[in-house]
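K.L.:
make a model of this:
(2 chains)
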Amino acid sequence: MNIAATVDWRDQIFEVFQDHDIKQVYHVPDAGHSRLIEACQKSNAIRTVALTTEEEGIALAAGAWLGGQRSALLMQSSGVGNTINLMGLTKTLRFPFLTLITMRGDYGEFNSWQYPMGRATPAVLEAMGVMLYPVEEAREVKATVDAAARSAFNGGQAVAVLLRQKLIGIKDFGKKKA
Amino acid sequence: MSATLQRRPLVKQILKGADDNLLVIAGLGSSNWDITEAGDRPLNMPLWGGMGATVGMGLGLALAQPAKRVLVITGDADMFMSLGVLATVATQQPDNLAICVLDNEKFGETGNQASHTSPRNNGPTNSGAGADLAMIARGCGIADSASVHTSDEVAPLVRDLRTGKGPVFRLVKVMVEKLEFVMPPQDGAHLKDRFRQALLGSA
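P.N.:
All right, here's what the predicted structure looks like:
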């Protein structure tokens, strides 16, 4: 068996965060990111900040960069819509911005309420000038997040990694129908 | 009780003697013009947009620069656009962050419509809610939250904003005034780069 395949991709994202000296990580409630959030919370090198809404993360990222620190915003596609006006700050201030988005309303989604924002997420982000790095194979996650971090912190871009639902797994609450 | 404090001399007093240890972020509109009249400087980050981002930006900066004092100056409507961030500030308890909300109870930049901090006394069409931001801040977990109304409270206000153990939240009731726009540079990338250059030595 390939050794790389036995390492969980969520742990690999945490390694990339360390490689790129990311100091602040922002999150909202998010099952897809929970393992990564816990790894960041346990780290002494990273300040993990729980937000009340995703748009706070854009403001914090701008402030962190003003103060010389790199950050990353973890969110779901449903939260992308909350960020759009403030996403413009990445262009106006021209600061590096990295977000990792777990996709909903995607591959096999069971919840119809997740589809509208999930389907619109790539178009909406591109409209705001955010560069997209979609990934749906576990073995490609580490290299993709690394490339995204390079585009952000070396290239000065606003970048979103889209962690597709095929990668995360179809959410299944296993509940009986009412 | 109608407000008697004037925002411009007040902000000038708050920022008096600002040195390299004081990092200032001001919300869009009046607060931006206020800090600029007090004296434009590289370690001011005056916002021209991004309503609702001001306190979050202050928090990200305060966490990145724990040895510097970070002061956020903004208006009541900007604060209301991101109330949740007060609880986010409280989760982090940055001891170097102070937030000063200048509350004129109006949407002053857009025609002085009643804001949510206006009293509920003008009927439903131009009435506020009498909302108390200092009480909200305290309820969000910022223990050192208070309101300021009178000139004899200004000296302790300045002291608390500049040196009090953070997070500090102060709501200051200010008069409705028509004031000249005193504008800093507008280019956001330039404002960001000059700030980083002054703080970090490189943009």
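K.L.:
how about the helices in chain A?
P.N.:
Remark: helices assigned in chain A by DSSP state H are A:3-6, A:9-19, A:34-42, A:54-66, A:77-87, A:89-92, A:115-127, A:141-149, A:165-168.
K.L.:
now do the second one against helix A:34-42, angle only.
P.N.:
Following axes from the mean of the first three to the mean of the last three Cα atoms, to 10 degrees, one obtains 40 degrees for the angle between helix A:9-19 and helix A:34-42.
K.L.:
quick one: the helices in chain B?
P.N.:
Secondary structure of chain B by DSSP H: the helices cover B:7-14, B:30-37, B:54-64, B:76-80, B:84-92, B:133-139, B:154-163, B:188-200.
K.L.:
most tightly surrounded among these?
P.N.:
Ranked by mean neighbour count, the helices of chain B are led by helix B:54-64 with a mean of 30 (mean count of other Cβ atoms under 10 Å in any protein chain shown). Quick note: C-beta positions are derived from backbone N, CA and C, even for glycine.
K.L.:
contact residues of chain A facing chain B?
P.N.:
Selection of chain A residues close to chain B by Cβ under 8 Å from any Cβ of the partner chain yields A:23-24, A:47, A:49-53, A:55-69, A:71, A:85-86, A:88-89, A:92-95.
K.L.:
list the contacts of A:M103.
P.N.:
A:M103 makes contact with A:76-77, A:118, A:121, A:162-165, A:168 under the criterion Cβ atoms under 8 Å, 6 or more residues apart in numbering or on different chains.
K.L.:
B:N121 too?
P.N.:
By Cβ under 8 Å, 6+ apart, the residues touching B:N121 are B:S127.
K.L.:
try B:E105
P.N.:
B:E105 neighbours (Cβ under 8 Å, 6+ apart): B:3, B:76, B:114-115, B:117-119, B:128, B:173, B:176.
K.L.:
of those, which belong to strands?
P.N.:
B:114, B:173 (DSSP state E).
K.L.:
can you flag the buried ones in the contacts of B:E105?
P.N.:
Buried residues within the contacts of B:E105, defined by neighbour count using 16 or more other Cβ atoms under 10 Å in any protein chain shown: B:3, B:76, B:114-115, B:117-118, B:128, B:173.
K.L.:
poorly predicted segments of chain A, please.
P.N.:
Across chain A, the ranges flagged by pLDDT under 70 are A:1-5, A:170-178.
K.L.:
try chain B
P.N.:
Low-confidence segments of chain B, defined by pLDDT under 70: B:1, B:122-124.
K.L.:
list the contacts of the closest residue to B:D193 other than its chain neighbours.
P.N.:
Using Cβ to Cβ, 6 or more residues apart in numbering or on different chains and skipping the chain neighbours, the partner closest in space to B:D193 is B:A203 (3.9 Å). Neighbouring residues of B:A203 by Cβ under 8 Å, 6+ apart: B:192-194, B:196-197.
K.L.:
and if you look at B:T163?
P.N.:
Counting by Cβ under 8 Å, 6+ apart, B:T163 touches B:R69.
K.L.:
likewise for A:G79?
P.N.:
Taking Cβ under 8 Å, 6+ apart, we find A:G79 in contact with A:28, A:53-54.
K.L.:
for those residues, give me a markdown table that also has distance to A:V135.
P.N.:
What follows is the contacts of A:G79, written out as a markdown table (distance: Cβ to Cβ, whole Å):
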| residue | distance to A:V135 |
| --- | --- |
| A:V28 | 21 |
| A:T53 | 25 |
| A:E54 | 20 |
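K.L.:
can I get the CA coordinates of stretch A:55-72 in PDB?
P.N.:
Extracted in PDB, the C-alpha atoms of stretch A:55-72 (Å, rounded to 0.1, in the frame of the first residue of the first chain):
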ATOM      1  CA  GLU A  55     -17.400  37.500   6.600                       C
ATOM      2  CA  GLU A  56     -15.600  38.200   9.900                       C
ATOM      3  CA  GLY A  57     -12.800  35.900   8.500                       C
ATOM      4  CA  ILE A  58     -12.100  38.300   5.600                       C
ATOM      5  CA  ALA A  59     -11.700  41.200   8.000                       C
ATOM      6  CA  LEU A  60      -9.500  39.200  10.400                       C
ATOM      7  CA  ALA A  61      -7.400  38.100   7.500                       C
ATOM      8  CA  ALA A  62      -6.900  41.700   6.400                       C
ATOM      9  CA  GLY A  63      -5.900  42.700   9.900                       C
ATOM     10  CA  ALA A  64      -3.600  39.800  10.300                       C
ATOM     11  CA  TRP A  65      -1.800  40.700   7.100                       C
ATOM     12  CA  LEU A  66      -1.500  44.300   8.200                       C
ATOM     13  CA  GLY A  67       0.200  43.000  11.200                       C
ATOM     14  CA  GLY A  68       2.500  40.700   9.300                       C
ATOM     15  CA  GLN A  69       0.800  37.300   9.800                       C
ATOM     16  CA  ARG A  70      -0.600  34.800   7.300                       C
ATOM     17  CA  SER A  71      -4.000  33.300   7.900                       C
ATOM     18  CA  ALA A  72      -6.500  30.900   6.400                       C
END
